[in-house]
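# What would the 3D arrangement of this be:
(one chain, ligands or ions: 1)
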Amino acid sequence: MKINIDNGFLVYDMIGTGIPILFVHGYPLSRKIWEPQMDGLSAQATMIAFDLRGHGGSFPFDGPYSMDLLADDCKSVLDNSHVHSPIVVCGLSMGGYVTMALYRKYPDLFKGIILTSTRPGPDSPEAKTNRDASIMKASENGAGFIADNMLPKMFSPVTLSSNPDLVAMVHGVMMDTSVPGIIGALQGMRDRPDSTPLLSKINCPVLIIHGFDDQLIPLKEAESAHNQIPNSRLVKILAAGHLPNLEQPEIYNQAIKDFLLTLD
Ligand code: MLT
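Here you go, the predicted model:
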């Protein structure tokens, strides 16, 4: 499905019956990463997975993509899909930054939150410098530079050695991200606000899922968020890196099923 926004468009899929869940992917990925969830949770949830602007099949808007702008895109998709709030929002990595921005803007939308492979804090000065270097590289060399550089950091060693098809699929997804999308997301992540002060104010249930082998965002970030969010549970997944929903889909889906049972 497609919705028109700002002289461009966003694409999304919707499937299943049950509690509404909006899935928000990370950078530089697309809704394709949620296929194991769309396949495995359709009896438990009405799931919406969309491509963030500049990613996958959505329009390659020029950036910057602030987390607030991407949160408003989430709101547009929800309004267009006519699901009734409250809903669960599941964000992975940059999708988690967007989920926190969405909660800050529209807390009444939420029945629950699932934060995967993400962190509440802002970029360090060193991380901001690295974002600027990546922006230069992406504008000079295109998506291939970013995809080749990030690919080995996305997975656990187990996935890298045992699941070449998954690794190739994710490389393809990254290659499909537009250059304006890569640059817009890098600018937005570089300038994102600190969401740490929000954590103690979240008053819906939160499920945090993190891979033991995440090289991009270490597990201690999830443990710290868990300690600060009052009604939260933390599921740590073995043999999973930055993409536990793809690397260990059955364990990941079971964690979501268990979480949904706790929501009325
Ligand atoms: C992501 O997976 O969305 C990004 O790696 C997050 C980030 O770079 O901060």
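
# And stretch 45-61, end to end?
In terms of Cα to Cα, to the nearest Å, the two terminal residues of stretch 45-61 are separated by 31 Å.

# can that stretch be found next to the ligand?
No. Shown here: stretch 45-61 not in contact with the ligand (Cβ under 6 Å from any ligand atom), separated by at least 9.8 Å. C-beta coordinates here come from the backbone N, C-alpha and C atoms, glycine included.

# Using PDB, list the CA coordinates for the top helix by length along the chain.
Ranked by residue count and defined by DSSP state H, the top helix of the chain is helix 125-141. Backbone C-alpha positions of helix 125-141 (Å, rounded to 0.1, in the frame of the first residue of the first chain) are rendered in PDB as follows:
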ATOM      1  CA  PRO A 125      31.200  13.800  19.600                       C
ATOM      2  CA  GLU A 126      33.200  11.000  18.000                       C
ATOM      3  CA  ALA A 127      30.000   9.400  16.600                       C
ATOM      4  CA  LYS A 128      29.000  12.700  15.100                       C
ATOM      5  CA  THR A 129      32.300  13.000  13.400                       C
ATOM      6  CA  ASN A 130      31.900   9.500  12.000                       C
ATOM      7  CA  ARG A 131      28.400  10.400  10.700                       C
ATOM      8  CA  ASP A 132      29.900  13.400   8.800                       C
ATOM      9  CA  ALA A 133      32.600  11.100   7.300                       C
ATOM     10  CA  SER A 134      29.900   8.600   6.300                       C
ATOM     11  CA  ILE A 135      27.800  11.400   4.700                       C
ATOM     12  CA  MET A 136      30.900  12.400   2.600                       C
ATOM     13  CA  LYS A 137      31.500   8.700   1.600                       C
ATOM     14  CA  ALA A 138      27.900   8.100   0.700                       C
ATOM     15  CA  SER A 139      27.700  11.200  -1.400                       C
ATOM     16  CA  GLU A 140      30.900  10.300  -3.200                       C
ATOM     17  CA  ASN A 141      30.600   6.500  -3.500                       C
END
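
# What is the subsequent helix or strand relative to that helix?
As assigned by DSSP states H and E, the chain's next helix or strand after helix 125-141 is helix 143-150.

# So which bits of stretch 166-184 are buried?
Applying a neighbour-count criterion of 16 or more other Cβ atoms under 10 Å, the buried positions in stretch 166-184 are 166-167, 170-171, 173-174, 176-184.

# go on, stretch 145-152?
Within stretch 145-152, the residues that count as buried by 16+ other Cβ under 10 Å are Ile146, Ala147, Met150.

# what do you get for stretch 136-143?
By neighbour count with 16+ other Cβ under 10 Å, stretch 136-143 contains the buried residues Ala138, Ala143.
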